[in-house]
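Peer 1: could you work out the structure for the sequence below:
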Amino acid sequence: MHAYARTLLFLAFSVLSVLTVSPAVEAQDFSAKPITLVVGFPAGGSNDLIARVIAPHLGEALKTSVIIEIKAGASGTIAATAVVRAVPDGHTLLVSSLSPTAITPQTMRKLPYDPRTDLLPINMLGYTPETIAVGPTLPNVKTLSQLIALAQTREITMSSAGVGGFPHLAIELFTLATKGKFVHVPYKGATPAVADTAAGHVDATMMDTPPLLGLIKDGRLTALAVASEKRLGVLPDVPTAQETVTGFTAISWIGLFAPAKTPDAVIARINDALTQTLKKPDVLAQLEKVALPSGLMASSAEFQKFVAAEYIRWGEVLKHAKIELTD
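Peer 2: Below is the predicted model:
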């Protein structure tokens, strides 16, 4: 081959290499600016707690700083909407429970995003069962059986983190299962709901376990049951709900999501950093301490299939429970 032709061929391959490789390389470099983890519920809730545990380690793995931004309200959908509209470069991510990604979109008539097409699941961070607890208005209720018996005779107010969220759905399912007179009282997040229950403004609550732990341990709330398959290590003396109500479980999960058009290379890099983070013994110990054990899956693809299945699963539950649509 003529030397000039060889030179042109070399240059052509060089240009092609730059065009096909450089974007991926650049996409994996997060050092240029911070990553923002957007949380859709108030500080002190499960989403916020798990974000704060993983943030410094994720930043270390990606060689950048990680900022937590609270955008609470509308059962997490305000935060989800913000991330959907963000630049899909991996620098704006959503820390979300199943409420804004699998439940609320099926309970609200008008929502500016569809989680199935507008959000890209990266991996699960952790999971937690709902815990049923009572406050000072029910001083003589010490067991779940006693609460159910009382609810046959009068209304029992029960707080949740908001309309259309997972705790709300769990309360509705619990009401169906027990035929009790439980009245749902929604709040704008777990923290105010739990605080009002402890203050005696609401009789009881069904909530993710983490925001309840402190108030249970200092005696301001009495835990009656955890809605998990087995008892929790952090609450070893609290029975499971299904020990009283056969088959009743309610377990929420929290995952990390990106805007839908985020490049595959970016998702792969973030998932790799997340995997490193959630395999650290100190991180796992912190998560166990706040009743949020790691839910890390083998790959982003596996988590994506899981989230898709959860959307279908809870859609069927919503139909069965006859949950009314809200605006």
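
Peer 1: just for the chain, where's the confidence low?
Peer 2: By pLDDT under 70, the weakly predicted segments of the chain are 1-28, 325, 327.

Peer 1: buried stuff in stretch 123-137?
Peer 2: Residues of stretch 123-137 classed as buried: 123-135 (neighbour count, 16 or more other CB atoms under 10 Å). Placement of C-beta: from N, CA and C, glycine included.

Peer 1: in strands, which of those fall?
Peer 2: Using DSSP state E, the members of these that fall in strands are 123, 124, 125, 126, 127, 128, 129, 130, 131, 132, 133, 134.

Peer 1: please verify my assumption that the second one contacts residue 292.
Peer 2: No. With the criterion set as CB atoms under 8 Å, residue 124 and residue 292 do not qualify as a contacting pair; they are 11.0 Å apart.

Peer 1: give me the common contacts of those two.
Peer 2: Common neighbours of residue 124 and residue 292 (criterion: CB atoms under 8 Å, 6 or more residues apart in numbering): residue 254.

Peer 1: can you give me the strands for this structure?
Peer 2: With strands called from DSSP E, the chain shows them at 35-39, 66-70, 92-97, 119-134, 156-160, 182-186, 204-208, 222-226, 251-259.

Peer 1: minimum distance to residue 275: which of these has it?
Peer 2: Closest of the strands of the chain to residue 275 is strand 119-134, at 7.4 Å (criterion: CB to CB).

Peer 1: and the angle from the closest one to strand 156-160?
Peer 2: Counting by axes from the mean of the first three to the mean of the last three CA atoms, to 10 degrees, strand 119-134 lies at 150 degrees to strand 156-160.

Peer 1: how far does strand 119-134 sit from its chain's centre?
Peer 2: 4 Å (CA atoms, centre = their mean, to the nearest Å).

Peer 1: can you check stretch 39-54 too?
Peer 2: Centroid displacement of stretch 39-54 relative to its chain, using CA atoms, centre = their mean, is 9 Å.

Peer 1: ends of it, how far apart?
Peer 2: 13 Å (CA to CA, to the nearest Å).

Peer 1: who's in contact with residue 326?
Peer 2: Shown in contact with residue 326 (CB under 8 Å, 6+ apart): 107, 108, 109, 163, 164.

Peer 1: looking at the strands of the chain, which is buried most?
Peer 2: Most buried of these by mean neighbour count (mean count of other CB atoms under 10 Å) is strand 204-208; its value is a mean of 30.

Peer 1: centre of the chain to that one, how far?
Peer 2: For strand 204-208, the distance to the chain centre is 16 Å (CA atoms, centre = their mean).

Peer 1: before we move on, what about stretch 309-322?
Peer 2: 17 Å.

Peer 1: equivalent analysis for stretch 214-228, please.
Peer 2: The chain centre lies 21 Å from the centre of stretch 214-228; the measure is CA atoms, centre = their mean.

Peer 1: again, but for stretch 258-268
Peer 2: Per CA atoms, centre = their mean, the centroid offset for stretch 258-268 relative to its chain is 19 Å.

Peer 1: got the CA positions of it in PDB?
Peer 2: The C-alpha coordinates for stretch 258-268 follow below in PDB (Å, rounded to 0.1, in the frame of the first residue of the first chain):
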ATOM      1  CA  ALA A 258     -31.300   8.400  36.700                       C
ATOM      2  CA  PRO A 259     -33.000  10.400  33.900                       C
ATOM      3  CA  ALA A 260     -34.100   8.000  31.100                       C
ATOM      4  CA  LYS A 261     -31.600   9.200  28.400                       C
ATOM      5  CA  THR A 262     -28.500   8.800  30.600                       C
ATOM      6  CA  PRO A 263     -25.800   6.900  28.500                       C
ATOM      7  CA  ASP A 264     -25.200   3.300  29.300                       C
ATOM      8  CA  ALA A 265     -21.500   4.000  30.100                       C
ATOM      9  CA  VAL A 266     -22.600   6.500  32.800                       C
ATOM     10  CA  ILE A 267     -25.100   4.100  34.300                       C
ATOM     11  CA  ALA A 268     -22.400   1.300  34.300                       C
END
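
Peer 1: quick one: contacts of it?
Peer 2: Applying CB under 8 Å, 6+ apart, the external contacts of stretch 258-268 come out as 23-24, 27-28, 83-90, 92-94, 117-120, 122, 270, 300.

Peer 1: cool, and stretch 59-73?
Peer 2: Applying CB under 8 Å, 6+ apart, the external contacts of stretch 59-73 come out as 30-43, 48, 51-52, 55-56, 58, 78-79, 82, 188-189, 269-270, 272-274, 276-277.

Peer 1: end-to-end on it?
Peer 2: Stretch 59-73 has an end-to-end distance of 26 Å (criterion: CA to CA).

Peer 1: can you pull out the helices in the protein?
Peer 2: With helices called from DSSP state H, the chain shows them at 3-27, 46-62, 77-84, 98, 115-118, 144-151, 166-178, 190-198, 210-217, 264-277, 281-289, 300-321.
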